[in-house]
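**Student:** build me a model:
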Amino acid sequence: MTRDFTPDLQRIRLFFTQPHGCSYLPGKEATTAFVDPASDIGQELYSQLTRMGFRRSGRYYYQPRCQFCAACVSARIPVAEFHPNRQQRRCLQRNADLTVIVKTRIDTDEHYPLYEQYINERHEDGDMFPPSREQYLDFLGNGIGITRFVEFRHRGELLGCAVLDELEDGFSAIYTYYRPDAGKRSLGTLAVLTQVNEARARGLPYVYLGFWIKNCAKMAYKIRFQPLELLIGGRWVRSGSGR
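**Tutor:** Purely as a prediction, here's the structure:
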């Protein structure tokens with residue numbers, strides 16, 4: 001099924017999947033809209049789509065368009081107003097011994113085993129299981145030249161990586177993977193805090209976190225980054241932590 005879709009000055013086509021089981025909420029049915037893969041997507045259009053609630057997964061730009069559910073809510077952090085809470089400050093202190101490096105390219109032979117271990121031990125019930133090198137490259141590849149890889153290293157050893165896209169008005173947090181046995185470091189939290197700090201240093205106003213789903217434990221953590229803005233009814237609105 002296809003429909004025309006017009007974001008501001010651009011005209012693109014959307015393809016809609018058939019209803020299928022939701023990977024986030026058991027018992028729910030999902031429908032996903034994908035931008036026509038033949039569309040010419042540059043940073044400007046990608047940024048515009050992100051402001052409208054789309055996400056990138058590999059070569060595809062998508063948005064949930066479920067008929068009976070609106071649980072997936074796009075979330076972003078307004079960088080200038082964000083201040084880490086006590087728990088997040090402790091996370092930064094706990095990881096002060098790490099070296100953080102932002103790269104445009106990575107050594108896949110070094111990174112893939114870490115990604116594979118992360119998926120196998122943390123997300124064996126997810127859409128990306130079982131992992132493969134081909135799937136890894138397709139999912140996280142540097143498609144239009146704006147993908148950045150934030151490496152977290154301890155004495156040279158790779159502990160984790162946050163993958164992000166640099167948009168016109170911020171970063172889009174694509175994915176983070178890390179050593180499962182480094183749980184005490186809270187590297188997922190560190191990845192978000194690092195992206196906020198990097199965006200602030202570059203004068204970018206937002207870090208887009210993807211979808212917040214209140215009743216999904218894997219997504220609920222995003223509400224801990226305050227203030228947070230949610231895309232509701234086509235408008236970005238401020239959310240309190242108790243929403």
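**Student:** and the next element down the chain from the worst-scoring helix or strand of the chain on mean pLDDT?
**Tutor:** Least confident helix or strand, the chain: strand 2-5 with a mean of 44, by mean pLDDT, DSSP states H and E. Going down the chain from strand 2-5, the next helix or strand is strand 12-16, by DSSP states H and E.
**Student:** tell me which residues of that next one come out buried.
**Tutor:** For strand 12-16, a neighbour-count test (16 or more other CB atoms under 10 Å) marks 12, 14 as buried. In this view, the C-beta of every residue, glycine as well, is placed from N, C-alpha and C.
**Student:** kindly report the same for stretch 199-212.
**Tutor:** Within stretch 199-212, the residues scored as buried using 16+ other CB under 10 Å are 199, 204, 206-212.
**Student:** quick check, residue 56 in contact with residue 47.
**Tutor:** No: contact criterion CB atoms under 8 Å: residue 56 and residue 47 do not qualify, at 11.2 Å.
**Student:** pull out the buried residues from the longest strand along the chain.
**Tutor:** Longest strand in the chain, counting residues (DSSP state E): strand 157-167. Buried residues in strand 157-167, counted by 16+ other CB under 10 Å: 158-167.
**Student:** and if you look at stretch 218-226?
**Tutor:** Neighbour counts over stretch 218-226 (16+ other CB under 10 Å) mark 219, 222-223, 225-226 as buried.
**Student:** mind checking which of the residues you listed are in helices?
**Tutor:** Of those, the ones assigned to helices by DSSP state H are residue 219.
**Student:** mind putting the buried residues of stretch 218-226 into JSON lines with distance to residue 79 and pLDDT?
**Tutor:** Shown next, in JSON lines, are the buried residues of stretch 218-226 (distance: CB to CB, whole Å; pLDDT from 0 to 100):
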{"residue": "219", "distance to residue 79": "21", "pLDDT": "86"}
{"residue": "222", "distance to residue 79": "15", "pLDDT": "94"}
{"residue": "223", "distance to residue 79": "17", "pLDDT": "93"}
{"residue": "225", "distance to residue 79": "11", "pLDDT": "97"}
{"residue": "226", "distance to residue 79": "13", "pLDDT": "96"}
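**Student:** biggest separation within the buried residues of stretch 218-226, which pair?
**Tutor:** Using CB to CB, the pair of the buried residues of stretch 218-226 lying farthest apart is 219 and 226, separated by 15.9 Å.
**Student:** the residue nearest to residue 227 when sequence neighbours are not counted - how many residues pack around it?
**Tutor:** Sequence neighbours aside, residue 81 is the residue nearest to residue 227 in space, at 5.4 Å (criterion: CB to CB, 6 or more residues apart in numbering). When neighbours are counted by other CB atoms under 10 Å, residue 81 registers 11.
**Student:** for residue 81, grab phi and psi.
**Tutor:** phi -100, psi -10 (degrees, to the nearest 10).
**Student:** how near is it to residue 225?
**Tutor:** Separation of residue 81 from residue 225 (CB to CB, to the nearest Å): 11 Å.
**Student:** could you do residue 77 as well?
**Tutor:** Counting by CB to CB, the gap from residue 77 to residue 225 is 5 Å.
**Student:** got the buried residues for stretch 108-121?
**Tutor:** By 16+ other CB under 10 Å, the buried positions in stretch 108-121 come out as 111-112, 114-119.
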